[in-house]
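S.K.: give me a model of this one.
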Amino acid sequence: MVIERFKNRDAEAVYRRLRAHGRFLPENLVFVGSWVETNFDRCFQLMECESIGDLESWAARWRDLVDFEFVPVMTGADAAAKFSG
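M.R.: You can find the predicted model right below:
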């Protein structure tokens, strides 16, 4: 899970770059979906990757506009399976 905080609460700058250039995703990073707070303070993106390096190389293209927090997550089903046995 990627938690983005728009610098200066300027979501418009982020969406302007997204429209002009796309997401800048490296080959090994898969965008699953995103949710944005209605006040545009934060965006929550679900990404799939094997390495934190994949996230870091992607985030480097956006750090002038966004502060990032990366939170490793798993599905509820995967979590339950860890305790099923």
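S.K.: which secondary structure state does D64 sit in?
M.R.: Secondary structure of D64, reduced to three states by DSSP: H, G, I helix; E, B strand; the rest coil: coil.
S.K.: now do the contacts for the nearest residue to it once chain neighbours are set aside.
M.R.: Spatial nearest neighbour of D64, excluding adjacent residues (Cβ to Cβ, 6 or more residues apart in numbering): K7 at 7.7 Å. All C-beta atoms are positioned from the backbone trio N, CA, C, and that covers glycine. With contact set as Cβ atoms under 8 Å, 6 or more residues apart in numbering, K7 has these partners: 64-67.
S.K.: again, but for F40
M.R.: 6, 9, 11.
S.K.: quick one: buried ones out of those residues?
M.R.: With neighbours counted using 16 or more other Cβ atoms under 10 Å, the contacts of F40 contain these buried positions: 6, 11.
S.K.: if any of the contacts of K7 are buried, put those into a PyMOL selection.
M.R.: Buried members of the contacts of K7, defined by 16+ other Cβ under 10 Å, are picked up in PyMOL with:
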select buried, resi 65+66
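S.K.: still on that earlier bit, just the ones of the contacts of F40 in strands?
M.R.: F6 (DSSP state E).
S.K.: take the contacts of F40 and write them to CSV, including distance to W58.
M.R.: Converted to CSV, the contacts of F40 look like this (distance: Cβ to Cβ, whole Å):
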residue, distance to W58
F6, 16
R9, 22
A11, 18
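S.K.: now, among the contacts of F40, which is nearest to K82?
M.R.: Using Cβ to Cβ, F6 comes nearest to K82 of the contacts of F40, at 34.6 Å.
S.K.: appreciated, that's everything.
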